[in-house]
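Engineer: show me how the following folds:
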Amino acid sequence: MTDETALLAAVVAAPDDETPRLVLADWWDDYNRPDRADFVRIECQLARLLAAHPHPYQLVARARSMLCISDREFRFEGNLDPALEEQDQELVRLRGWDWDGGVSSLVEYVGFRRGFVEEVGMSGRAFLRSANEMFARAPVRHVSFSRTPTALLPELTACPYLGRLRSASFAHKAIGPAGAAYLARCPHLCNLEELDLTHCRIGDGGLAAIAGSPRLTRLTALDLWNNDLSDAGADTLMSSPVLSRLAYVRLGVNRFSRESEGALRESFGSRADFRMPGDP
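Structural biologist: Numbers count the residues shown, from 1 in each chain. I've put the predicted structure just below:
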């Protein structure tokens, strides 16, 4: 094993830790790869700025929504540091194909964060087929699942590689209450911090399953936009020991009464997002 291979393995083994990435950046500097080293440092700095931003979840959600067409660029649209972001995007445009570790051959699209591929879009079937190779190549932390019907969820939720994820999206898959129940019972989602269920039609029953899951206790962000939730769902959100502590929850386009929406706004304060797409 070469020094570079060993250092990359350390990055993959500790995807949450910035230190192995910066150690590898120093090695690249020493071995005449200054652009690759600068890319890691620039993206680590952007990650620190994001963590300090008052609305990090909204910025990440927006960047993810554009990723399938933005060609590897995880864009913050000037909201963090315009000059630094421009340097980052220029490096991605020039060298992204060389730096993605071959992950793009396994998935539909990739996104760089902290200097490495952390974000991918792929079908559930592709995840089952390629997860082993993908996680060996890059410190992937988020998957946006495409073409993943509810019928595939029993097999998908049995896959231990889900335990590598910190964030997952099933947006626009209409997995329904049954799909939410599969996710809630999944023994491998115990490290999940963010879950996007936009337009999944999980209903009050599906939300109750998520709220009662002993495996999803690390959730900090939950997107429930357009999920046919009623006042019963509002009560679940406010009474759940886990969901009531969410740092961010998106709740627009549901069936809450005026009274329940008011109670949610009072209970969650600025943590609840009822905005429509395009709203400031």
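Engineer: quick one: strands adjacent to the longest strand seen in the chain?
Structural biologist: Longest strand in the chain, counting residues (DSSP state E): strand 116-123. If you go by DSSP bridges, strand 116-123 pairs up with strand 109-113 (antiparallel), strand 142-146 (parallel).
Engineer: check which helices and strands the following helix or strand past the last one sits against.
Structural biologist: Same thing as strand 142-146. The C-terminal neighbour of strand 142-146 among helices and strands, as given by DSSP states H and E, is helix 153-156. Counting contacts by 3 or more C-beta pairs under 8 Å, 6 or more residues apart in numbering; DSSP states H and E, helix 153-156 packs against helix 124-137, helix 176-185. For every residue, glycine as well, the C-beta is placed using N, CA and C.
Engineer: those helices into TSV, with extra columns for distance to Ser270, mean neighbour count and mean pLDDT?
Structural biologist: Shown next, in TSV, are the helices and strands packed on helix 153-156 (distance: least, C-beta to C-beta, whole Å; neighbours: other C-beta atoms under 10 Å; pLDDT from 0 to 100):
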stretch	distance to Ser270	mean neighbour count	mean pLDDT
helix 124-137	34	17	98
helix 176-185	26	21	98
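Engineer: as JSON lines, those helices with distance to Asp17 would be great.
Structural biologist: Output for the helices and strands packed on helix 153-156, formatted as JSON lines (distance: least, C-beta to C-beta, whole Å):
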{"stretch": "helix 124-137", "distance to Asp17": "16"}
{"stretch": "helix 176-185", "distance to Asp17": "27"}
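Engineer: where in the stretch 1-150 of the chain is pLDDT low?
Structural biologist: Applying pLDDT under 70 to the stretch 1-150 of the chain flags residues 1.
Engineer: go through the strands paired with strand 116-123 and name the closest to Asn254.
Structural biologist: strand 142-146 (22.0 Å; C-beta to C-beta).
Engineer: quick check: mean pLDDT of stretch 246-263?
Structural biologist: Over the span of stretch 246-263, the pLDDT mean works out to 98.
Engineer: run through the residues that contact Pro56.
Structural biologist: Taking C-beta atoms under 8 Å, 6 or more residues apart in numbering, we find Pro56 in contact with Leu50.
Engineer: ditto for Glu4
Structural biologist: 24, 27, 31.
Engineer: same thing but 7 Å
Structural biologist: Trp27 (C-beta atoms under 7 Å, 6 or more residues apart in numbering).
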